[in-house]
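Trainee: need coordinates for the following:
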Amino acid sequence: MTNHSETTGPSDSGGIPRPEQPSRKAPTSYAGPGDEHQVTLRTPAELADALPYLLGYRPEDSIVLAALRDREGRGRFGGRARLGIPASPDDWACAAGQLVHGLITGSERRGVRPEQMVAYLCQEPAPGETGRDVMERLRPLAQRLRVECGTLDVPVVEALCISAGRFWSYCCDDEACCPAEGLPMGLPGTSVLAAAATYAGIQVRGSLSDLRARLLPGENAVAGEQMAALDAAATTLVARILDPDGRSEVARETLETAERVMRRLAGAPPVSGMPAEDLRDDHLLGHDEAAALILGLQDRTTRDRAAGWMEGDEAGPALRLWRALARRCVGPYGEHAAAPLTLAGWVAWSTGDELEAREALAMALGADSDYLFARLLHQACNEGLDPESIRRCLRAEREGGGGAEVRSPDEGERTGETGPREPGESSPAPRLPSGRRRRARSLTSADGTRRRAKPQNREPRPENGRPRSPSRAERSGAGRSGRTCARTPGTPAEGGGE
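Mentor: Numbers count the residues shown, from 1 in each chain. This is a model prediction of the structure:
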């Protein structure tokens, strides 16, 4: 998983007096979660305990920034941003600058410039390392964050390192308050803040690895069976996808299969706990069905049709299906997870779960950094935009009778329309699931219209018994242009704010 940035959205978390510069004789106060049930945070221990409630999960191997701002004379937490800690210290300066500038400039665009900042470094010790070793090793990164914030006139009022169940302050050298051996973290869920957050309906959804586990393929005997099913499906589907008529048929079959599986998931009896839910859904999805859906969704017009299952009774089963498909993208098919991960992120965002949305979209970019739909959605979500503009576009496509019909590449080039698109994305060719490339020449007819020659109907040539990953050009469908259905930024956000 590559490092990625994310914001966790705005937080108007209770009113307190405007925070002053930190002093252990006159403790700084910050607002904790819950507008009506205010919690005042005055010490590093309380700030460390607040972190999971600010994010909604327990971060791991992460840099986290929490902005502080003033409203009506009271200090409140504002936007938050997270970035994975780069493995190489040589990359720390770049990462710190990326995160600080992204959060502050993103907040400024919404007219809520941060006035102070709290920084967190979260990392577990490596073998043979102690929590204090981690704290000392990350000290230059903490200093870099303070310098970057200082250059933008946003002071870091507290910087904490959390490791091995203890925390340390980089801003306090008072042994009576912050001893060199650190202080133990409280038991999860036992603080006053935890009680207030629970009462306010704020949940901590496990650790970051728990969230990712729902979207990552497992390494077991079932993975080998799924890989074999993907290989077999690729052999039969690639030639059909490359043929204009066959492409429409594959699209129709893909959407019909997805609807059938969604009905099956919707009718399954409920179980308790996320692992049990995912295991139940995995048992309800056959290997051949999963393979056909994964490969069929590489056609982006088909994926756009599937994105219409984003609200109402369809959203829940659709999200469960996209998660299950992402877990089936095993072995060399890892890049194919970009499509189901993006759909999972879109449905999560559309239904109000920004936490899962950001993680799913970031993982989609980890699978394929050039996947434009994921990039656009990731930044739009981080920027706090309303997903309704995209929902309106997708509703219009469905109401216009789009259904499972997909225009062929030739028809799309003649008419200038190739079906629904993500905001700002030109219509691409289908991302082929294997290495069976066809070189299609662009021809100019007598009337000046450019047409694409039909691909030659050659037999596919797998490498070592498995299909080769598609090229960048095959995945992106570069060179085509088309309309947009909503205004969203063009690159993933580096940070965010309110």
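
Trainee: okay, CA-based contacts and neighbour counts for the rest of this
Mentor: Fine.

Trainee: which parts of the protein are strands?
Mentor: Shown for the chain, the strands assigned by DSSP state E span residues 5-7, 30-31, 40-41, 62-71, 74-84, 116-122, 156-163, 166-169, 183-184, 442-444, 450-452.

Trainee: among those, which is the most enclosed?
Mentor: Mean neighbour counts were compared across the strands of the chain using mean count of other C-alpha atoms under 10 Å; the top stretch is strand 5-7, at a mean of 30.

Trainee: lowest-confidence stretch among the strands of the chain?
Mentor: Ranked by mean pLDDT, the strands of the chain bottom out at strand 442-444, with a mean of 31.

Trainee: tell me which of the strands of the chain lies nearest to Ala290.
Mentor: The closest approach between Ala290 and any of the strands of the chain, judged by C-alpha to C-alpha, belongs to strand 5-7 at 29.6 Å.

Trainee: before we move on, the earlier item: dump the strands of the chain to CSV, plus distance to Met262.
Mentor: As requested, the strands of the chain are exported to CSV (distance: least, C-alpha to C-alpha, whole Å):
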stretch, distance to Met262
strand 5-7, 30
strand 30-31, 42
strand 40-41, 45
strand 62-71, 35
strand 74-84, 33
strand 116-122, 38
strand 156-163, 42
strand 166-169, 44
strand 183-184, 46
strand 442-444, 40
strand 450-452, 36
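
Trainee: out of those, the one nearest Asp91 is which?
Mentor: Ranking the strands of the chain by proximity to Asp91 (C-alpha to C-alpha) places strand 74-84 first, at 11.2 Å.

Trainee: which stretches in the stretch 301-450 of the chain count as helices?
Mentor: The residue ranges that make up the helices of the stretch 301-450 of the chain, judged by DSSP state H, counting those that start in this stretch, are 315-327, 338-350, 354-367, 372-382, 388-399, 409-415.

Trainee: one step back: for Arg323, find the nearest of the strands of the chain.
Mentor: In terms of C-alpha to C-alpha, the element of the strands of the chain nearest to Arg323 is strand 5-7, at 20.0 Å.

Trainee: where does the chain have low pLDDT?
Mentor: Along the chain, segments meeting pLDDT under 70 span 1-40, 42, 71-75, 187-192, 194, 199-203, 401-498.

Trainee: recalculate using a threshold of 80.
Mentor: Using pLDDT under 80 as the threshold, the predicted model of the chain has low-confidence ranges 1-43, 70-75, 110, 186-207, 219, 221, 383-384, 400-498.

Trainee: ok, the nearest residue to Gly296 once chain neighbours are set aside - contacts?
Mentor: Nearest residue to Gly296 in three dimensions, chain neighbours excluded: Thr254, at 5.6 Å (C-alpha to C-alpha, 6 or more residues apart in numbering). Under the criterion of C-alpha atoms under 8 Å, 6 or more residues apart in numbering, the neighbours of Thr254 are 292-293, 296-297, 302.

Trainee: reformat these as CSV; add distance to Ile63 and neighbour count.
Mentor: What follows is those, written out as CSV (distance: C-alpha to C-alpha, whole Å; neighbours: other C-alpha atoms under 10 Å):
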residue, distance to Ile63, neighbour count
Ala292, 39, 22
Leu293, 36, 26
Gly296, 37, 29
Leu297, 34, 28
Thr302, 37, 25
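
Trainee: ok, those vs His336, which is closest?
Mentor: Ranking these by separation from His336, with C-alpha to C-alpha as the measure, puts Leu297 on top at 8.7 Å.

Trainee: which residues does that closest one contact?
Mentor: 254, 303, 339-340.

Trainee: how about those residues in TSV, adding distance to Glu397?
Mentor: As requested, the contacts of Leu297 are exported to TSV (distance: C-alpha to C-alpha, whole Å):
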residue	distance to Glu397
Thr254	18
Arg303	13
Ala339	19
Pro340	20
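
Trainee: list just the nearest of those residues to Pro270.
Mentor: Compare each of the contacts of Leu297 with Pro270 using C-alpha to C-alpha and the shortest gap goes to Pro340, at 23.0 Å.

Trainee: could I get the contacting residues of the nearest residue to that closest one once chain neighbours are set aside?
Mentor: In space, and not counting its chain neighbours, Pro340 is closest to Trp322: 4.9 Å by C-alpha to C-alpha, 6+ apart. Contacts of Trp322 were listed using C-alpha under 8 Å, 6+ apart, and they are 340-341, 343-344.

Trainee: please report the distance of Leu65 from Leu152.
Mentor: Counting by C-alpha to C-alpha, to the nearest Å, the gap from Leu65 to Leu152 is 14 Å.

Trainee: same deal with Arg137?
Mentor: According to C-alpha to C-alpha, Arg137 stands 25 Å off from Leu152.

Trainee: and Asp288, by the same measure?
Mentor: Going from Asp288 to Leu152 by C-alpha to C-alpha gives 54 Å.

Trainee: and those two? Which one has more around it.
Mentor: It is Asp288, of Asp288 and Leu152, that has more neighbours when counted by other C-alpha atoms under 10 Å, with 16 against 13.

Trainee: close enough to count as contact, the more buried one and Ala228?
Mentor: No - with contacts counted by C-alpha atoms under 8 Å, Asp288 stays clear of Ala228, the gap being 9.3 Å.

Trainee: helices along the stretch 151-300 of the chain, start to end?
Mentor: According to DSSP H, counting those that start in this stretch, the helices that the stretch 151-300 of the chain contains are 192-199, 208-213, 221-242, 244-266, 274-283, 287-296, 300-306.

Trainee: nearest to Gly316, of the ones you listed?
Mentor: Nearest to Gly316 among those is helix 244-266; the distance by C-alpha to C-alpha comes to 7.9 Å.

Trainee: CA atoms of the closest one as CSV?
Mentor: Coordinates of each C-alpha in helix 244-266 appear next as CSV, following Å, rounded to 0.1, in the frame of the first residue of the first chain:
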residue,chain,number,x,y,z
PRO,A,244,-17.8,-4.1,-30.4
ASP,A,245,-20.9,-6.3,-30.4
GLY,A,246,-19.4,-8.7,-27.9
ARG,A,247,-18.5,-5.8,-25.6
SER,A,248,-22.2,-4.8,-25.4
GLU,A,249,-23.1,-8.4,-24.6
VAL,A,250,-20.5,-8.7,-21.9
ALA,A,251,-21.7,-5.4,-20.3
ARG,A,252,-25.2,-6.7,-20.2
GLU,A,253,-24.2,-10.0,-18.7
THR,A,254,-22.0,-8.3,-16.1
LEU,A,255,-24.8,-6.0,-14.9
GLU,A,256,-27.3,-8.8,-14.8
THR,A,257,-24.9,-11.0,-12.8
ALA,A,258,-24.3,-8.2,-10.4
GLU,A,259,-28.0,-7.6,-9.9
ARG,A,260,-28.6,-11.3,-9.3
VAL,A,261,-25.8,-11.5,-6.7
MET,A,262,-27.0,-8.3,-5.0
ARG,A,263,-30.5,-9.8,-4.6
ARG,A,264,-28.8,-12.9,-3.0
LEU,A,265,-26.8,-10.8,-0.6
ALA,A,266,-29.9,-8.7,0.3
